[in-house]
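[1] Need the 3D shape of this:
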Amino acid sequence: MSRTLNVRDPGPCTTVQDRGRPGWAHLGVPRSGALDAAAAALANRLVGNCEGAAVLETTLGGVSVRAGAAMTVAVTGAEAPVLVAGRQRAFGEPLTLRTGDLLTVGPARWGVRSYLAVAGGVAVPEVLGSRSTDTLSGTGPGVLCAGDVLPVGEPAGAPAALDVAAVRRPAAPLCLRVHIGPRQDWFADEAASTLFSSTYTVSEQSNRVGLRLRGPRLAPAEHRLSPDRGIIELPSEGMVLGAVQVPASGEPVVFLNDHPTTGGYPVLAVVSAADLGGCAQLRPGDRVRFAAG
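    A predicted model of the protein is given here:
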């Protein structure tokens, strides 16, 4: 017997995530970490871990793993069916696996990302102080594949007897509070009012790097236009989590945890950190609005 999770079916995109590796942007390394940090922290509390222990983050289609030893697990985030040895089990509660049990987290019923925590945490090696998978730079463990064997640490505490509700389905449309700037001077005067008065739709091109939106164009200022009316780019500058960057299409992109550390397109606004967890659960076609925060 060994304290491992053996990946049988990784689903569309399952990664290892913890609180990420902030502080390395000067080396071009994104922060990464669980997109829905509150859901990941809850999963860890349910199994007796510290809130920053490494978990598995699934994407839409779930994951299937076999326990190499008896252990306690919990699933939170986007609500999904949970099966242990083929039997339906509770979502958002501590569950006991026996040696050899197959745990399956099914497709999300709503939202995008579910979180699977195991007592002791997923104990893959740390890179720059974090076990998180960075899908942009390739730092940390790779996206899970069938046959991967993940080490699990020793339990540090007892499973929770009671915790807050695990299901936090976002409102529709999701309202993201923003602070305008720092490059509002690179946009037409009406760009901010357009952002606040419009409803945007989540694109199928969204991922852990950014939430790509479709909707009314945010017009550039005249001084951003060349004589042939092409858009003049900024010199590359630092980018922050939650930045609402506007590329040449004029449609906004909200930068998420695996965002590039620099960019040449201007940032019209920055989303409040408290609202970023909701972005993790938005599917293509879901609607988003912005409000001054």
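[2] Now do the same contact list for the residue nearest the centre of the chain.
    In the chain, the residue lying closest to the centroid (C-alpha atoms, centre = their mean) is Leu35, at 2.2 Å. Leu35 is in contact with Gln17, Glu57, Arg113, Arg208, Leu256, Asn257, Leu276, Gly277, Cys279, Ala280, counting by C-beta atoms under 8 Å, 6 or more residues apart in numbering. In this view, the C-beta of every residue, glycine as well, is placed from N, C-alpha and C.
[3] Over to Ala243?
    Val254, Phe255, His259, Val267, Ala269, Val270, Val271.
[4] any idea how far Arg287 is from it?
    Distance of Ala243 to Arg287, given as C-beta to C-beta, to the nearest Å: 21 Å.
[5] circling back: so which of the contacts of Ala243 are in strands?
    With strands taken from DSSP state E, the overlap with these comprises Val254, Phe255, Val267, Ala269, Val270, Val271.
[6] Near the last one, how many residues? Count them for me, please.
    Looking back up the chat, that one is Val271. 24 (other C-beta atoms under 10 Å).
[7] And the second one, by the same measure?
    When neighbours are defined as other C-beta under 10 Å, Phe255 has 24 of them.
[8] Can you give me the distance of it to Ala90?
    35 Å.
[9] got it, and the last one?
    Val271 sits 33 Å away from Ala90, taking C-beta to C-beta as the criterion.
[10] which stretch of helix or strand covers the residue of the chain most remote from its centre?
    What lies farthest from the middle of the chain is Pro227; by C-alpha atoms, centre = their mean that is 40.4 Å. Element membership for Pro227 (DSSP states H and E) is empty, with no helix or strand holding it.
[11] Would you mind listing the residues in contact with it?
    Contacts of Pro227 (C-beta under 8 Å, 6+ apart): none.
[12] Quick check: phi and psi on it?
    Torsion angles at Pro227 (phi, psi; degrees, to the nearest 10) stand at phi -60, psi -30.
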